[in-house]
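Asks: model this:
(one chain, ligands or ions: 1)
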Amino acid sequence: MHQRRCRAVAFSEYGTADVLRMVDHAVPEPGPGQVRIAVRAAGVNPIDWKIRSGAMADVMPLRLPAVPGVDVAGVVEHLGPGVTALAVGDEVFGKAVSGSYAELAVANLDALAAKPAAMSWEVAAALPVASTTAFHAFAPLGLSEGETILIDGAAGGVGSVAAQIARHRGLTVIGTASPHNHDYLRSLGVIPVAYGAGLAAGVRTVAAHGVDAAVDAAGQGSLRALLELTGNADRVISLADPSAESLGARFVYGEPDDMSGILTEVGALVAAGAITVLVARTYPLADAAAAHRDSQSGHVRGKLVLAPI
Ligand SMILES: NC(=O)c1ccc[n+]([C@@H]2O[C@H](COP(=O)([O-])OP(=O)(O)OC[C@H]3O[C@@H](n4cnc5c(N)ncnc54)[C@H](OP(=O)(O)O)[C@@H]3O)[C@@H](O)[C@H]2O)c1
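Replies: As a prediction, this is how the structure comes out:
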């Protein structure tokens, strides 16, 4: 039987962004509990290029060629066997399992939510990893209204969404970023501080009541300062530095429970204007390599998105 094919970005070997190619790819088939989505936009995350580079090959072995991409927004185009919770034509956003840098992608129902009509495809594709990671990081921290949280890397994809969720929960948020991102942080209601050698001293000058909890959303070596400032390793999380556990802090990775519920909640917050997502740049699918190079620079403000697809 002739296998249906679609356009996708794929890599056949690990390496630099140059290994990414436009290909005709076999259309992925949804299984039970899954749907196939006509992709309108795909978000770019650092994990996409970390996997492409081969750095994750030991912990996440792939069958090559592989299509990168987790974040997806699009229209349900085919239902897996027995699926009744969604219908063909539904507009959704969430996490794909088949690689979202493609015209068609498969996702699990429990990693999808309805896209609010007022939310653009680009913003919908920018949200899933960033927002579910923020909820995942906050869960073990036991945050309370009125507390102060420090977010290291607050201008990035995860940091900027996490900072706004914390503000929405009634916390004071101090965030680190390069000086050129400090006005952006202020626009999110975040008190900016420069990262680097002066981080702890800089935070002390703005944290009137100290720091109750901290999230390392950059993985660039700030953990000791975060531990010093909170004085409590139970309330320090790293999302990007596996050495956190050797310092007594927690390394949070993987998927949170109830992704669909988180995405529904975050979609409503975005639609209501309580959270804004800065899409710094969009790229055509064929320019995925440029998007990877920009993401790898390590200084993206907000999110990069492949769109329209
Ligand atoms: N564990 C998980 O489940 C999980 C989930 C998602 C992401 N992550 C990881 O979390 C990290 C952040 O992801 P992302 O999507 O937010 O990345 P991103 O959008 O590329 O943002 C990275 C941010 O890091 C900041 N930064 C650069 N150097 C820094 C330093 N020395 N100290 C503090 N901040 C610095 C940059 O700010 P400036 O531009 O202002 O310099 C930039 O805004 C990545 O390593 C990613 O792989 C983990």
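
Asks: Would you mind listing the residues in contact with G273?
Replies: Going by C-beta atoms under 8 Å, 6 or more residues apart in numbering, G273 touches no other residue. (Each C-beta comes from the backbone N, C-alpha and C, glycine too.)

Asks: At which residues are the helices of this protein located?
Replies: In chain order, the chain shows helices spanning 46-53, 121-126, 128-138, 157-168, 182-187, 199-206, 223-230, 259-271, 288-296, with DSSP state H as the criterion.

Asks: Compute the number of surrounding residues for the closest residue to the ligand within the chain.
Replies: Per C-beta to the nearest ligand atom, G156 is where the chain lies closest to the ligand, at 2.1 Å. Other residues within reach of G156, judged by other C-beta atoms under 10 Å, total 27.

Asks: I figured it hits A218, correct?
Replies: Yes - the criterion here is C-beta atoms under 8 Å, and G156 meets it with A218 at 6.8 Å.

Asks: which residues touch V203?
Replies: If you count contacts by C-beta under 8 Å, 6+ apart, V203 has them with L150, I174, V193, V211, A225, L229.

Asks: Now do the contacts for the first one.
Replies: Shown here is L150, whose contacts under the criterion C-beta under 8 Å, 6+ apart are 173-176, 203, 207, 211, 213-215, 226, 229-230.

Asks: who's it bridged to?
Replies: Beta bridges link L150 to I174, A214 when assigned by DSSP bridges.

Asks: was I right about A307 contacting W121?
Replies: Yes - judged on C-beta under 8 Å, A307 makes contact with W121 at a distance of 5.9 Å.

Asks: okay, and the common contacts of these two?
Replies: R40, A41.

Asks: deepest of the helices of the chain, which one?
Replies: When the helices of the chain are scored by mean count of other C-beta atoms under 10 Å, the highest mean neighbour count falls to helix 121-126 (a mean of 28).

Asks: Would you tell me whether stretch 109-128 gets close to the ligand?
Replies: No - Stretch 109-128 lies out of reach of the ligand by C-beta under 6 Å from any ligand atom, never closer than 9.9 Å.

Asks: And that stretch, how far out from the chain middle?
Replies: 13 Å (C-alpha atoms, centre = their mean, to the nearest Å).

Asks: which residues sit in contact with I51?
Replies: Counted by C-beta under 8 Å, 6+ apart, I51 has contacts M60, L62, A66, P68.

Asks: can you do 10 Å?
Replies: I51 makes contact with F11, Y14, N45, A57, V59, M60, L62, A66, P68, G69, V70 under the criterion C-beta atoms under 10 Å, 6 or more residues apart in numbering.

Asks: how much space between the third one and R63?
Replies: Using C-beta to C-beta, to the nearest Å, N45 is found at 21 Å from R63.
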